[in-house]
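> Based on what follows, work out the 3D shape:
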Amino acid sequence: MEVKEVIPNAQMRLVTEPGEIQEHGRFQGQPAPHGACCISTPEEVEESQRIEWMADFIARYSDVFRAAGASDIVYWLYWTGLQGNMKFHPRELKKIADLAIPLCIDYIQESQD
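Below you'll find the model as predicted:
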(Lines give C-alpha, C1' and ligand atoms only; values in the text may rest on other atoms or scores of the structure.)
Protein backbone atom coordinates (compact mmCIF):
# COMPACT_ATOMS: atom_id res chain seq x y z
CA MET A 1 0.00 0.00 0.00
CA GLU A 2 1.37 3.42 -0.94
CA VAL A 3 1.34 6.12 1.72
CA LYS A 4 0.63 9.48 0.14
CA GLU A 5 1.35 11.69 3.15
CA VAL A 6 4.90 12.48 4.23
CA ILE A 7 5.22 12.63 8.00
CA PRO A 8 7.72 15.29 9.13
CA ASN A 9 10.10 14.46 11.99
CA ALA A 10 9.38 10.72 11.76
CA GLN A 11 12.60 9.08 12.89
CA MET A 12 12.10 5.35 12.48
CA ARG A 13 14.35 2.66 13.93
CA LEU A 14 14.15 -1.11 14.39
CA VAL A 15 12.23 -1.41 11.11
CA THR A 16 11.14 -4.95 10.19
CA GLU A 17 9.42 -5.94 6.96
CA PRO A 18 7.00 -8.91 6.92
CA GLY A 19 8.90 -12.08 5.99
CA GLU A 20 12.30 -10.66 6.96
CA ILE A 21 14.43 -13.17 8.91
CA GLN A 22 14.57 -12.03 12.52
CA GLU A 23 17.87 -11.64 14.34
CA HIS A 24 16.38 -11.22 17.85
CA GLY A 25 13.31 -11.99 19.92
CA ARG A 26 10.80 -14.80 19.85
CA PHE A 27 10.98 -15.12 16.04
CA GLN A 28 14.80 -15.26 15.92
CA GLY A 29 15.95 -17.13 12.82
CA GLN A 30 12.42 -17.17 11.39
CA PRO A 31 10.55 -14.95 8.94
CA ALA A 32 8.74 -12.10 10.69
CA PRO A 33 4.99 -12.74 10.64
CA HIS A 34 4.40 -8.97 10.50
CA GLY A 35 6.20 -5.68 10.00
CA ALA A 36 7.15 -3.35 12.84
CA CYS A 37 9.02 -0.16 13.59
CA CYS A 38 9.69 2.31 16.37
CA ILE A 39 9.32 6.04 15.87
CA SER A 40 11.65 8.08 18.08
CA THR A 41 11.22 11.63 19.31
CA PRO A 42 13.57 13.97 17.42
CA GLU A 43 16.65 15.07 19.36
CA GLU A 44 15.74 18.75 18.95
CA VAL A 45 12.61 18.31 21.10
CA GLU A 46 13.43 19.41 24.65
CA GLU A 47 13.50 16.55 27.14
CA SER A 48 10.73 18.15 29.25
CA GLN A 49 8.46 18.24 26.16
CA ARG A 50 9.09 14.76 24.73
CA ILE A 51 6.21 12.85 26.33
CA GLU A 52 3.64 15.41 25.23
CA TRP A 53 5.28 15.82 21.80
CA MET A 54 4.99 12.09 21.08
CA ALA A 55 1.37 11.95 22.30
CA ASP A 56 0.52 14.81 19.94
CA PHE A 57 2.46 13.13 17.12
CA ILE A 58 0.60 9.84 17.53
CA ALA A 59 -2.76 11.62 17.76
CA ARG A 60 -2.06 13.55 14.57
CA TYR A 61 -0.74 10.64 12.48
CA SER A 62 -2.42 7.48 13.81
CA ASP A 63 -4.84 7.44 10.85
CA VAL A 64 -1.87 7.70 8.46
CA PHE A 65 -0.12 4.83 10.28
CA ARG A 66 -3.25 2.68 10.03
CA ALA A 67 -3.72 3.54 6.35
CA ALA A 68 -0.13 2.36 5.79
CA GLY A 69 -1.02 -0.99 7.40
CA ALA A 70 -0.37 -0.51 11.12
CA SER A 71 -2.69 -2.75 13.09
CA ASP A 72 -1.18 -2.13 16.54
CA ILE A 73 0.09 1.19 17.90
CA VAL A 74 1.76 1.29 21.32
CA TYR A 75 3.13 4.34 23.15
CA TRP A 76 6.42 3.08 24.57
CA LEU A 77 8.53 5.15 26.97
CA TYR A 78 12.18 4.28 27.53
CA TRP A 79 13.29 5.97 30.72
CA THR A 80 16.99 6.10 31.56
CA GLY A 81 18.87 7.36 34.59
CA LEU A 82 20.58 6.51 37.83
CA GLN A 83 17.26 6.32 39.70
CA GLY A 84 13.93 4.97 38.53
CA ASN A 85 11.85 7.93 39.69
CA MET A 86 9.31 9.10 37.12
CA LYS A 87 6.98 12.07 37.21
CA PHE A 88 4.14 12.77 34.79
CA HIS A 89 2.14 15.96 34.43
CA PRO A 90 -1.65 15.45 34.38
CA ARG A 91 -1.71 17.06 30.91
CA GLU A 92 0.69 14.36 29.64
CA LEU A 93 -1.37 11.57 31.21
CA LYS A 94 -4.59 12.92 29.69
CA LYS A 95 -3.07 13.13 26.20
CA ILE A 96 -1.75 9.58 26.49
CA ALA A 97 -5.11 8.29 27.81
CA ASP A 98 -6.97 10.07 24.99
CA LEU A 99 -4.95 8.03 22.46
CA ALA A 100 -6.74 4.87 23.69
CA ILE A 101 -3.65 2.74 22.98
CA PRO A 102 -1.43 0.72 25.33
CA LEU A 103 1.28 2.53 27.32
CA CYS A 104 4.47 0.59 28.07
CA ILE A 105 7.39 1.88 30.12
CA ASP A 106 10.89 0.41 30.30
CA TYR A 107 13.38 1.77 32.81
CA ILE A 108 17.02 1.39 31.82
CA GLN A 109 19.39 2.03 34.70
CA GLU A 110 22.56 3.84 33.78
CA SER A 111 25.86 2.90 35.35
CA GLN A 112 27.52 5.39 37.68
CA ASP A 113 30.89 4.57 36.12
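> And the strands in this protein, which stretches?
Under the criterion DSSP state E, the chain carries strands at the ranges 11-16, 36-40, 75-81, 103-109.
> ok, the shortest one: who's next to it in the sheet?
So that's strand 36-40. Take DSSP bridges as the rule and strand 36-40 pairs in its sheet with strand 11-16 (antiparallel).
> so where's the protein uncertain?
Per-residue confidence of the chain (counting by pLDDT under 70) places the weak regions at 1-10, 12-15, 113.
> Can you spell out which helices and strands pack onto the helix ranked longest in it?
For the chain, the longest helix by residue count, based on DSSP state H, is helix 50-67. With contacts defined as 3 or more CB pairs under 8 Å, 6 or more residues apart in numbering; DSSP states H and E, the packing partners of helix 50-67 are strand 75-81, helix 90-99. All C-beta spots, glycine's among them, are computed from the backbone N, C-alpha and C.
> Mind listing what's buried along the last one?
Applying a neighbour-count criterion of 16 or more other CB atoms under 10 Å, the buried positions in helix 90-99 are Glu92, Lys95, Ile96, Leu99.
> which ones are touching the first one?
Right, Glu92. Ile51, Glu52, Ala55 (CB atoms under 8 Å, 6 or more residues apart in numbering).
> can you rerun that using 6 Å?
The neighbourhood of Glu92, defined by CB atoms under 6 Å, 6 or more residues apart in numbering, consists of Ile51, Glu52.
> coming back round to it: pick out whichever of the buried residues of helix 90-99 sits closest to Arg66.
Using CB to CB, Leu99 comes nearest to Arg66 of the buried residues of helix 90-99, at 12.8 Å.
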